[in-house]
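**Q** Predicted model, plus sequence, below.
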Amino acid sequence: MTDNAWLWFYVACMAAGALLFSIWSRRPTGVPQYEYTIAIIIPVWSGLAYVAMALGQGMITTADNTVYYARYIDWVVTTPLLLWALAATAMFYRRLDPALIAGLMFADVIMILSGLFADLSTDPNDKWVWYIIGCVCLALIVWNVWWPLRRIAYDQSRELGTAYTKAATMLTVLWIGYPTFWALGPSGIGVFDRSTDLMLFVLLPIVSKVGFSILDLSELRKLGARRPGYASDQDGHGLSDLPRR
């Protein structure tokens, strides 16, 4: 496939994902509507960013590197929303914790902007300083995903904890792929070329956005069919009307 074909393939996958989540939202099955709204916004926003790239926009050329800044415009919105979705899964049967979610999203924004500054850096030392800052933020995010949030999920029920662990595992593995591919690609040490880099940053986000949301919502729909999540408007009540575990 040509570079442009990969980009349009990505746009098609994002459109298909948004359509699927729109259909699911019509039968929420005990899952709060905001979960579907987040799942829809993510591929729509990301797809638009890749439309710009497919049209030859959203990129600039520095000394010896092409920087797809449209990716960062995509990621600075969609990755915080993915964390919000994961945190909402962990808190499915209780009120959302705005402080914890805000902290995760703030660290994520710093991580994405650090990646952009690294990509734009012409001095190798500056580039790797920003890269390290981004990796530190990713480590903080992963810690919160696997300790506070996982504990919150298991405190509510073993079934929710298991569902959360599946979603967290998928997101963690995929997100580690981003800095790894970035470091190995033309933005880093250049193990593979720009075309391979573009292909990887098409396939990886498809799975980490649409694939993750399919898994996450599927697990929540199974739980919601038996016991609606907090703030679910399907049956007019939330957790306050249900027995706590």
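**A** Looks like it arrived, so ask away.

**Q** what about the helices in the protein?
**A** For the chain, the helices defined by DSSP state H cover 3-25, 33-54, 69-90, 98-120, 124-146, 148-156, 158-184, 194-206, 212-226.

**Q** can you tell me which of the ones you listed comes nearest to residue 232?
**A** Ranking the helices of the chain by proximity to residue 232 (CB to CB) places helix 212-226 first, at 6.7 Å. Any C-beta I mention is one placed from the backbone N, CA and C, and that applies to glycine too.

**Q** ok so, going back, need the helices of the chain in JSON lines with distance to residue 60 and mean neighbour count, can you?
**A** Shown next, in JSON lines, are the helices of the chain (distance: least, CB to CB, whole Å; neighbours: other CB atoms under 10 Å):
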{"stretch": "helix 3-25", "distance to residue 60": "16", "mean neighbour count": "17"}
{"stretch": "helix 33-54", "distance to residue 60": "12", "mean neighbour count": "20"}
{"stretch": "helix 69-90", "distance to residue 60": "6", "mean neighbour count": "22"}
{"stretch": "helix 98-120", "distance to residue 60": "8", "mean neighbour count": "18"}
{"stretch": "helix 124-146", "distance to residue 60": "15", "mean neighbour count": "16"}
{"stretch": "helix 148-156", "distance to residue 60": "37", "mean neighbour count": "18"}
{"stretch": "helix 158-184", "distance to residue 60": "17", "mean neighbour count": "18"}
{"stretch": "helix 194-206", "distance to residue 60": "14", "mean neighbour count": "19"}
{"stretch": "helix 212-226", "distance to residue 60": "29", "mean neighbour count": "19"}
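
**Q** what's the closest of the ones you listed to residue 62?
**A** Taking CB to CB, helix 98-120 is the member of the helices of the chain nearest to residue 62, at 6.4 Å.

**Q** Need the residues that contact that closest one.
**A** By CB atoms under 8 Å, 6 or more residues apart in numbering, the surrounding residues in contact with helix 98-120 are 62, 65, 67, 69, 72, 75-76, 79-80, 83-84, 87, 126-131, 133-134, 137-138, 140-141, 144-145, 148-149, 178-179, 182, 187.
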